[in-house]
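1. need a structure here:
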Amino acid sequence: MQENRVKLAFFGRVPTEDPRLVPVASVSPDRPQRLHKSAARAFTAMRRAALRDGYDLQIASGWRPHRWRDREHYNSHLRSRYGSVGEGRKWVAFDSPHETGLAFDLGNPKPLAPTSATVQAQRNSPVYAWLVENAERFGVTPYRREPWHWEVNVPLSEFQNPSTGRTRKVLTIAAVAVAGVVLSLLVT
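-> All right, here's what the predicted structure looks like:
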């Protein structure tokens, strides 16, 4: 499975009250999570399939606002938490794809959780194997460094107007195909 990274510079930040952000299944009812409508559709479809296979996917972190005042604030956090800016950049971005609503961190089922301390256990888990095998069918791709982090990269037009999303296009194509079959049956 290949990465298909969401770039904040391409999409831009989604503001807090943007109507494109919708609630999704989250780990904690006290901390509801939201995603961009296009990502929410993809996640919800993937979650339904995972539930059929015994995995209750839930989000620990979806959309979030930009958290740094400036680069020095960011660098200070990295030095404090990780010992150096270089090490910290491996785990924390200055401009996060979460700010678009197209990225999410899974926090359930365990051992999936947004923590670098358990990366190997997460990669060795059956739920991660399921994600690697199935996520791409739903337009969801990994960030290889973090097994809990997944992204939905969509065309800019869909990002700006999610009602023109892939789900709708696929259903339209299916409806036309079915109508064509019905029409050919009537003609013969």
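2. helices or strands next to the helix or strand where Tyr128 lies in the packing?
-> Per DSSP states H and E: Tyr128 is located in helix 126-134. Secondary-structure packing of helix 126-134 (3 or more CB pairs under 8 Å, 6 or more residues apart in numbering; DSSP states H and E): helix 37-52. Yep, even glycine has a C-beta here, placed from its N, CA and C like the rest.
3. ok, 10 Å please
-> On a contact count with 3 or more CB pairs under 10 Å, 6 or more residues apart in numbering; DSSP states H and E, helix 126-134 meets helix 37-52, strand 103-108, helix 119-123, strand 141-143, strand 146-151.
4. Tell me which of those sits most buried.
-> Looking across the helices and strands packed on helix 126-134 with neighbours counted as mean count of other CB atoms under 10 Å, the highest average goes to strand 103-108: a mean of 24.
5. Tell me the strands beside that strand, with direction?
-> strand 58-61 (antiparallel), strand 146-151 (antiparallel) (DSSP bridges).
6. angle of that strand against helix 37-52?
-> For strand 103-108 against helix 37-52, the angle by axes from the mean of the first three to the mean of the last three CA atoms, to 10 degrees is 20 degrees.
7. ok so, going back, make a markdown table from the strands paired with strand 103-108 and add distance to Phe104 to it.
-> Listed next are the strands paired with strand 103-108 as a markdown table, based on distance: least, CB to CB, whole Å:
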| stretch | distance to Phe104 |
| --- | --- |
| strand 58-61 | 5 |
| strand 146-151 | 6 |
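8. Arg5 is nearest to which of the ones you listed?
-> strand 146-151 (6.5 Å; CB to CB).
9. what angle do that closest one and helix 126-134 make?
-> Using the same axes, to 10 degrees: strand 146-151 against helix 126-134 is 40 degrees.
10. Quick one: distance of the helix or strand just after strand 146-151 to the chain centre.
-> Where DSSP H and E defines the elements, the next helix or strand beyond strand 146-151 is helix 156-160. Computed by CA atoms, centre = their mean, to the nearest Å, the chain-centroid distance of helix 156-160 equals 16 Å.
11. Give me the buried positions along the helix holding Tyr128.
-> Judged by neighbour count (16 or more other CB atoms under 10 Å), helix 126-134 contains these buried residues: Val127, Tyr128, Trp130, Leu131, Asn134.
12. circling back to that earlier point, next, format the helices and strands packed on helix 126-134 as a markdown table and append distance to Gly88 and mean pLDDT.
-> Output for the helices and strands packed on helix 126-134, formatted as a markdown table (distance: least, CB to CB, whole Å; pLDDT from 0 to 100):
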| stretch | distance to Gly88 | mean pLDDT |
| --- | --- | --- |
| helix 37-52 | 26 | 98 |
| strand 103-108 | 17 | 97 |
| helix 119-123 | 15 | 97 |
| strand 141-143 | 16 | 97 |
| strand 146-151 | 14 | 97 |
